[in-house]
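A.B. asks: Here is the input, now give the coordinates:
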Amino acid sequence: MSLQHSPLKNVGAPRWVLPNGMALGGMAIAFMSLYLGAGALTPMLVDYKERFHFAPEMLNVAFAVYAAGFLVAALVFGSLSDYLGRRPVLIGGLIVQLASNLLFLYAADVSWVIAGRIIQGIASGAATAAFTAAMVELAPEKYKRLGAVLGSVSLTGGLALGSLLTGLALEVTPAARSIVFIILILLTVLGGLVAIFSRETGNLCPGALRSMLPRVSVPSNARAEFLSAAPAVAAVWMLAGLSGGLAPNMVRSVFGIESPFWGGFAGFVAPAVSTIVGLAFAKYAARQAMMIGIYAGIIGAAAIIGGVFAGSLVLMLVGQGIAGIGFGACFSAALQILIPVVLPHQRAGIIAAVYIVAYGAFGLPVVIEGQLVALIGEIPSVVCYTLLTVVLTLISLIAQMRLRQRA
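C.D. replies: Prediction:
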């Protein structure tokens, strides 16, 4: 391994550090490992359900608690690396991720799985901002956008690949759980070593404890934009929750296909499309991307409902792919619209507000849908869930049209 002397000693830097290019690649792999783990649980949760014989609604809870862990950690620890440096936060997040992988590997019942999901969410929420910042800062001066692109691709691409590869592993070997989580453990350890031996790109600053107080605010000058975007953001994140939390189990329970691979593929489609769309839509004006995302959300939801009623897995997967376009366009467009409207010291607060809408919609409706299944059945519950996303996107569509008329 080629190493060079570190030019920085400001935040407990080791004597030797990796060259920037190697560090950047290692950071991308380490960051992706967080989301490979999150994606792996998409089909793996169905396997745990069969293995431990827990109630169907607990499957939804086990999926949704990830969002709660992520949101709390993002609000509390999201800015910490700006004050302590990137390395301590990255190493801490990867240690927490390691603990979650060990829980999944040795899980004995559903309580282990739920605990692992909460811890997994905390790891991702704490480390995501630090990883993204570190990759941007390690990228060459002429290619700063490369760091941001790697951050985006590693996140949604990790979710997609984690689901697909784990579904394939469950299809071909009874030792899939051991194989998947041992690989994730090795990637996490490798990521920790990369974090330790990478150049520290942050600095020690006073105010670390103060930064851990969540700041959530929507300034009055951004309120109209926020209220017009929030329903669409909630809708596309609900559709992401359907893809990651409901669809793999629906492959068996609704479509009667006893194939872990297709369960993993059902969780793969939306984030894979979202990864491509997120890159392609970077050149579009934010308002235009928002409108395209809203229309895609409505069409995708309609196709999912059609697939459920027609008993067509293919149509449902097409709907998820179209919904992935909505996710990739809407969420980034909402941030691009809102951040320039507010002052620099108000940005953290409004980003936190968007994250609360997003992760609230990602987790809570899935839990409610699980409770509805016992009352009205799975197909009516999924249809009600998906129809709600249509209502939310229509609300945003009307609000966006009114904003355009005022402009």
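
A.B. asks: domains in this protein, as residue ranges please.
C.D. replies: Per the record, the chain has its domains at 1-214, 215-407, by automatic domain parsing.

A.B. asks: Going by mean pLDDT, which of those domains comes out lowest?
C.D. replies: Here these differ in mean pLDDT, and the lowest is domain 1-214 at a mean of 86.

A.B. asks: coming back round to it: possible to save the domains of the chain as TSV with mean neighbour count?
C.D. replies: Placement of C-beta: from N, CA and C, glycine included. Listed next are the domains of the chain as TSV, based on neighbours: other C-beta atoms under 10 Å:
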stretch	mean neighbour count
domain 1-214	20
domain 215-407	20
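
A.B. asks: Next one: Leu24 from Val96, what distance?
C.D. replies: Going from Leu24 to Val96 by C-beta to C-beta, to the nearest Å gives 23 Å.

A.B. asks: swap in Thr156?
C.D. replies: From Thr156 to Val96 the distance is 21 Å (C-beta to C-beta).

A.B. asks: what about the strands in this structure?
C.D. replies: Ranges of strands in the chain, per DSSP state E, are 4-5, 16-17.

A.B. asks: Correct me if wrong: Val366 contacts Phe63.
C.D. replies: Yes - between Val366 and Phe63 there is a contact under C-beta atoms under 8 Å: 5.9 Å.

A.B. asks: shared neighbours of those two, anything?
C.D. replies: Common contact partners of Val366 and Phe63 (C-beta atoms under 8 Å, 6 or more residues apart in numbering): 241, 245.

A.B. asks: From Leu364, how far off is Gly300?
C.D. replies: For Gly300, the distance to Leu364 - C-beta to C-beta - is 21 Å.

A.B. asks: and what of Gly121?
C.D. replies: Separation of Gly121 from Leu364 (C-beta to C-beta) stands at 14 Å.

A.B. asks: shared neighbours of the two, anything?
C.D. replies: By C-beta under 8 Å, 6+ apart, Gly121 and Leu364 have these common neighbours: Ala67.

A.B. asks: Enumerate every residue touching the residue lying closest to Gly306 once chain neighbours are set aside.
C.D. replies: Closest residue in space to Gly306, ignoring its immediate chain neighbours: Leu315 at 5.5 Å, by C-beta to C-beta, 6 or more residues apart in numbering. Leu315 makes contact with 303, 306-307, according to C-beta under 8 Å, 6+ apart.

A.B. asks: ditto for Ala399
C.D. replies: Ala399 neighbours (C-beta under 8 Å, 6+ apart): 227-228, 231.

A.B. asks: just checking, which of those belong to helices?
C.D. replies: If you go by DSSP state H, the contacts of Ala399 have 227-228, 231 in helices.

A.B. asks: Return the closest of the residues you listed with respect to Gly125.
C.D. replies: Checking the ones in helices among the contacts of Ala399 against Gly125 with C-beta to C-beta, the nearest one is Pro231 at 23.5 Å.

A.B. asks: which non-adjacent residue is nearest Gly162?
C.D. replies: Closest residue to Gly162 apart from its sequence neighbours, by C-beta to C-beta, 6+ apart: Gly39 at 2.5 Å.

A.B. asks: That neighbour against Gly267, yeah?
C.D. replies: Yes - contact criterion C-beta under 8 Å: Gly39 and Gly267 qualify, at 6.8 Å.

A.B. asks: Next up, the contacts around the closest residue to Ser253 other than its chain neighbours.
C.D. replies: Closest residue in space to Ser253, ignoring its immediate chain neighbours: Glu378 at 5.8 Å, by C-beta to C-beta, 6+ apart. Glu378 makes contact with 56, 250, 253-254, according to C-beta under 8 Å, 6+ apart.

A.B. asks: Can you lay out the residues you listed as a markdown table showing distance to Phe281?
C.D. replies: Converted to a markdown table, those look like this (distance: C-beta to C-beta, whole Å):
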| residue | distance to Phe281 |
| --- | --- |
| Pro56 | 36 |
| Met250 | 28 |
| Ser253 | 34 |
| Val254 | 31 |
